[in-house]
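# fold the following, please.
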Amino acid sequence: MAEIEQFFIDIDALQEAGISAQDIAKLKAAGIATIVGVLQVTRKSLCKIKGLSEIKVDKIKDAASKILPTAFSFSTGVEVATRREKVVMITTGSKQLDAMLGGGVSTQSVTEGTCSCFK
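Numbering: from 1, shown residues only. Okay, here's the model as predicted:
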């Protein structure tokens, strides 16, 4: 639950990191409302926002990454393998479907399926 709460940190938190209220207002006007939103948008796209220079964009990106340092950080293969060890397979209740899915539906992932059997 804490991870979900961190994902939605309001962009106003940038003000505590030294970003001006005017620059935050420009980001909001461009549709960016969260710290993760700042991290997801490319530097090039942020530079296209009127009033944001490359220097300001770098400062904004740095501040956002300090507020939420693990949101888009690099993970080694060992770290990913450790997280994958926590994955559990949940049965669908159908042995045939579980077999097709490789043991059931995996946690920590999204599973999609379609069926043409319902007409």
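# quick one: K44 from L68, how far?
21 Å (CB to CB, to the nearest Å). To be clear about C-beta, it is placed using only N, CA and C from the backbone, and glycine gets the same treatment.
# stretch 16-30 - what's its average pLDDT?
Mean pLDDT, stretch 16-30: 95.
# the chain should start at 846 in everything you say after this.
Got it, first residue is 846 now, which makes that one stretch 861-875.
# re earlier: between K889 and L913, which one's more packed in?
The residue with more neighbours, out of K889 and L913, is L913; 18 against 9, by other CB atoms under 10 Å.
# contacts for stretch 929-936 next, please.
Under the criterion CB atoms under 8 Å, 6 or more residues apart in numbering, residues 943, 947-954 lie in contact with stretch 929-936.
# lowest-pLDDT helix or strand in the chain?
Across the helices and strands of the chain, mean pLDDT, DSSP states H and E gives its lowest value to helix 847-852, namely a mean of 54.
# after it comes which helix or strand?
Note on helix 847-852: by DSSP states H and E, the next helix or strand toward the C-terminus is helix 866-874.
# that next one: how far from the chain's middle?
21 Å (CA atoms, centre = their mean, to the nearest Å).
# return the next helix or strand after that helix as CSV; C-alpha atoms alone will do.
Note on helix 866-874: by DSSP H and E, the next helix or strand toward the C-terminus is helix 880-885. C-alpha atoms of helix 880-885 as CSV (Å, rounded to 0.1, in the frame of the first residue of the first chain):
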residue,chain,number,x,y,z
ILE,A,880,6.0,13.3,-9.2
VAL,A,881,5.8,10.1,-11.2
GLY,A,882,4.3,12.2,-14.0
VAL,A,883,7.4,14.4,-14.0
LEU,A,884,9.7,11.4,-14.1
GLN,A,885,7.7,9.8,-17.0
